[in-house]
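Q: Predicted structure and sequence below. I'll ask about it afterward.
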Amino acid sequence: DTGVSQDPRHKITKRGQNVTFRCDPISEHNRLYWYRQTLGQGPEFLTYFQNEAQLEKSRLLSDRFSAERPKGSFSTLEIQRTEQGDSAMYLCASSQTENYGYTFGSGTRLTVV
Amino acid sequence: GNSVTQMEGPVTLSEEAFLTINCTYTATGYPSLFWYVQYPGEGLQLLLKATKADDKGSNKGFEATYRKETTSFHLEKGSVQVSDSAVYFCALRTSGTYKYIFGTGTRLKVLA
């Protein structure tokens, strides 16, 4: 297992376009998390899945954001009608238990122009 | 609300110097505490953790002790190396939630 994979690594999009990111967690991890990190800040929680169920969702996740994990394996994060303020690094992480600590992917850097 | 405060960086040290990066937290109950490290061009990696008061987490020569009386979890290393240059994030997780709250990160630069 090579860890948590995220695709793409970089995405440049025009304002108003939709974008979708993919995350493949470590195969035996049933917990999956999305975070957003802007320059000079720590990661901010977006949403959490246990298997295919989305159990927690931050108020940061506006109606333009949606995340899925249809079969409890990979997950997608979609942003509709992107805005310049959406420019950030989007991080995916997975874990086996709550206290074990996360394994993070390398992230998808989104630039909205 | 719950929060984590870290000392601002960058912290610049010479090789073999002693390192302390301060982290204090505000949380209800008894959170679990973590240090993550982000090397240039890489994702965040768990460095160490502590889940209850007076626990000491340690890894790769780094240590941090969970101090409930001072609500602190300071990161220390006795002798830093150039390869320790990275951004260090302190984080907490309160019981009953799944999310971690991260500090803003502290950049460490170690000079040869």
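A: All right, it came through fine. Residues are numbered from 1 along each chain as shown, chains lettered A, B, ... in the order given.
Q: all helices in chain A, in order from the N-terminus.
A: For chain A, applying DSSP state H gives no helices.
Q: Which positions in it make contact with chain B?
A: A:4, A:31, A:33, A:40-45, A:48, A:50, A:55-56, A:58, A:91, A:93, A:98-99, A:101-107 (CB under 8 Å from any CB of the partner chain). Every residue, glycine included, has its C-beta placed from N, CA and C.
Q: Near residue 62, how many other residues are there?
A: No chain was given, so I picked chain A. Each residue near residue A:62 was counted by other CB atoms under 10 Å in any protein chain shown, and the total is 12.
Q: think we crossed wires, I meant chain B
A: 20.
Q: nearest spatial neighbour of residue B:19, skipping sequence neighbours?
A: Closest residue in space to residue B:19, ignoring its immediate chain neighbours: residue B:77 at 4.4 Å, by CB to CB, 6 or more residues apart in numbering or on different chains.
Q: what's residue 61 sitting at in phi/psi?
A: You didn't pick a chain, so chain A it is. Note on residue A:61: backbone dihedrals following degrees, to the nearest 10 are phi -80, psi 90.
Q: Surely the residue nearest to residue B:19 touches residue B:61?
A: Yes - using CB atoms under 8 Å, residue B:77 is in contact with residue B:61, at 5.3 Å.
Q: For the helix or strand where residue B:33 lies, enumerate the helices and strands it packs against.
A: Under the criterion of DSSP states H and E, residue B:33 resides in strand B:32-38. Secondary-structure packing of strand B:32-38 (3 or more CB pairs under 8 Å, 6 or more residues apart in numbering or on different chains; DSSP states H and E): strand B:23-26, strand B:44-50, strand B:62-65, strand B:86-93.
Q: Strand partners (parallel or antiparallel) of it?
A: In the sheet, strand B:32-38 lines up against strand B:44-50 (antiparallel), strand B:86-93 (antiparallel) (DSSP bridges).
Q: So what touches the helix or strand that comes right after the longest one?
A: In the C-terminal direction, the helix or strand that comes right after strand B:86-93 (DSSP H and E) is strand B:101-102. Under the contact criterion CB atoms under 8 Å, 6 or more residues apart in numbering or on different chains, strand B:101-102 has outside partners A:42-45, B:2-4, B:36, B:89-93.
Q: what about burial for those, which qualify?
A: A:42, A:43, A:44, A:45, B:4, B:36, B:89, B:90, B:91, B:92, B:93 (16 or more other CB atoms under 10 Å in any protein chain shown).
Q: how much distance is there from the host helix or strand of the fifth one to the middle of the chain?
A: Think residue B:4. For residue B:4, the element it lies in under DSSP H and E is strand B:3-6. Mean-position distance between strand B:3-6 and its chain equals 10 Å (CA atoms, centre = their mean, to the nearest Å).
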